[in-house]
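Engineer: this is a predicted model, with the sequence first.
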Amino acid sequence: MSGSKIWTVAVVGCGIGRAHIAEGYARHPDKFRVLALCDINEERLVGIGNEFSIPRRTGSFDDVLGMEDVDIVDICTPPALHVAQTLAGLAAGKQIVCEKPLAGSLAEVDRVIAAERQAPGRVMPIFQYRFGDGLQKARRIIDTGIAGKPYVASVETAWKRTPEYYETRWRGRLASELGGVLLTQAIHSHDLLTYVMGPVASVFARTATRVNAVEVEDCAAASLVMKSGALASLSATLGSHKEISRLRFCFEHVTFESSQAPYAPGDDPWEIIPSSPQAAERIADALTGYRRVPPRFEGLTDAYHCALTKGGALPVTIDDARRSLELVTALYHSAATGAAVALPIGLEHSNYRGWCSDTC
Ligand SMILES: NC(=O)c1ccc[n+]([C@@H]2O[C@H](COP(=O)([O-])OP(=O)(O)OC[C@H]3O[C@@H](n4cnc5c(N)ncnc54)[C@H](O)[C@@H]3O)[C@@H](O)[C@H]2O)c1
């Protein structure tokens, strides 16, 4: 037992919300207690409420906001609800966890940033794939400065979604999903790209809807120039008959290659390939004393508790969510215009208030 505060949680939305509980809060009973569950789907509410013995269940988000003994509101509802629920949660004095995408535009993210500044609580968006030993070891090697100059990265999100997936009404529609594979699925891998290689300077992208009969794109390919001068290529599809996520980062003194685990790309086994025996020695030194980082929500909630309790930086910040949405904005604009798009996307950009003019 850690002996520190046990934070109370209300999980809102019982789809991925179940994984937040099963892989996250329930694995840390000395750190979190799920006090309430909220969903407008009664069957899910009762099923998951019983599965995890959650004492309070409600179909009303306002009920959750009125629960004074709830510290954290964890928002796992469909994308178009995220901003309004996050703002209402902050106004009610809660700590907020919010699933991706945090918002549907950079302007909306900036509203959340402004609201957080005035509120007692903080907002932690979700990027659980950052957690796991493969990626965390790579970050440690890069942070110690021994990787050297970044050369090139390739990032693949090759998943499969069938018509049954789109039977859930909010999916596949621009008004409710807000985007397609670039926003909903590949946003994770693209967050990992910038987490490892730093900011993006320019993108050129193409998108297509080829796999399912939906309004949003389900295939994409892009070529990027990073601010460091390194190059990157991204590809994403929902029509891969073997599901993989694959990341390859080539630096001067080391190449990193992820496993192909589609839904845990941050976890081991990663290949760490040094350029020479001397580089291998420096890498071994850098990893001396490395402590295991559990994958996905287990690692994320552990780090979240530490930040809440000690007051340090959150493991995922609104700025991280903003960076991912800025990249999405640039990718959609490039695909729509057939031109390269430079970042940052400023307040004056036609798509600062949303990419709908490109995708609708
Ligand atoms: N981090 C990840 O790996 C990951 C994985 C899947 C989904 N997601 C994200 O999580 C969000 C939810 O996706 P999902 O796949 O769980 O969807 P889902 O449709 O399976 O679940 C959403 C739940 O929210 C409930 N809901 C809808 N409106 C509500 C309201 N006003 N109040 C309370 N409950 C309400 C629905 O009844 C449903 O049970 C999306 O933004 C999605 O992109 C993230």
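Structural biologist: Looks like it arrived, so ask away.

Engineer: residue contacts, the residue nearest the centre of the chain?
Structural biologist: Centroid-nearest residue in the chain, with CA atoms, centre = their mean: Phe127, separated by 2.7 Å. Contact analysis of Phe127 by CB atoms under 8 Å, 6 or more residues apart in numbering lists Lys100, His188, Asp191, Leu300, Val316, Asp320, Ala321, Ser324. No exception for glycine: its C-beta is placed from N, CA and C like everyone else's.

Engineer: apply 10 Å and report the result again.
Structural biologist: 100, 187-188, 191-192, 195, 266, 300, 315-317, 320-321, 324 (CB atoms under 10 Å, 6 or more residues apart in numbering).

Engineer: from those, list the ones also adjacent to the ligand.
Structural biologist: Lys100 (CB under 6 Å from any ligand atom).

Engineer: residue in this protein nearest to the ligand?
Structural biologist: As assessed by CB to the nearest ligand atom, the ligand sits closest to Gly15 within the chain, at 2.1 Å.

Engineer: in which helix or strand would I find that residue?
Structural biologist: For Gly15, there is no enclosing helix or strand under DSSP states H and E.

Engineer: which residues are in contact with it?
Structural biologist: Going by CB under 10 Å, 6+ apart, Gly15 touches Asp39, Asn41, Arg44, Ile48, Cys76, Thr77, Pro78, Glu99, Thr168.

Engineer: in PDB, list the C-alpha atoms belonging to the helix or strand hosting the third one.
Structural biologist: The one in question is Arg44. In the assignment (DSSP H and E), Arg44 maps to helix 42-51. Only the C-alpha atoms of helix 42-51 are listed here, as PDB (Å, rounded to 0.1, in the frame of the first residue of the first chain):
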ATOM      1  CA  GLU A  42     -28.900   0.900 -18.700                       C
ATOM      2  CA  GLU A  43     -27.700  -2.500 -19.700                       C
ATOM      3  CA  ARG A  44     -24.100  -1.400 -19.800                       C
ATOM      4  CA  LEU A  45     -24.500   0.500 -16.600                       C
ATOM      5  CA  VAL A  46     -25.800  -2.400 -14.600                       C
ATOM      6  CA  GLY A  47     -23.400  -5.000 -16.200                       C
ATOM      7  CA  ILE A  48     -20.200  -3.000 -15.600                       C
ATOM      8  CA  GLY A  49     -21.500  -1.600 -12.300                       C
ATOM      9  CA  ASN A  50     -22.000  -5.200 -11.000                       C
ATOM     10  CA  GLU A  51     -18.800  -6.500 -12.600                       C
END
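
Engineer: any residue of the following helix or strand past that helix touching the ligand?
Structural biologist: As assigned by DSSP H and E, the chain's next helix or strand after helix 42-51 is strand 56-58. No. Counting by CB under 6 Å from any ligand atom, the ligand is not contacted by strand 56-58; separation bottoms out at 8.7 Å.

Engineer: packing partners of strand 56-58?
Structural biologist: strand 7-12, strand 32-38, helix 42-51, helix 61-65 (3 or more CB pairs under 10 Å, 6 or more residues apart in numbering; DSSP states H and E).

Engineer: what is the mean pLDDT for stretch 263-271?
Structural biologist: With pLDDT averaged residue by residue, stretch 263-271 scores 97.

Engineer: before we move on, the earlier item: restrict the contacts of Gly15 to contacts with the ligand.
Structural biologist: Within the contacts of Gly15, those near the ligand by CB under 6 Å from any ligand atom are Asp39, Asn41, Arg44, Cys76, Thr77, Pro78, Glu99, Thr168.

Engineer: reformat these as a markdown table; add distance to Ala230.
Structural biologist: Supplementary listing: those in a markdown table, determined by distance: CB to CB, whole Å:
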| residue | distance to Ala230 |
| --- | --- |
| Asp39 | 43 |
| Asn41 | 45 |
| Arg44 | 44 |
| Cys76 | 35 |
| Thr77 | 37 |
| Pro78 | 35 |
| Glu99 | 30 |
| Thr168 | 38 |
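
Engineer: nearest to Asp285 among those residues?
Structural biologist: Distance to Asp285, by CB to CB, is smallest for Glu99 among the ones next to the ligand among the contacts of Gly15, at 38.4 Å.
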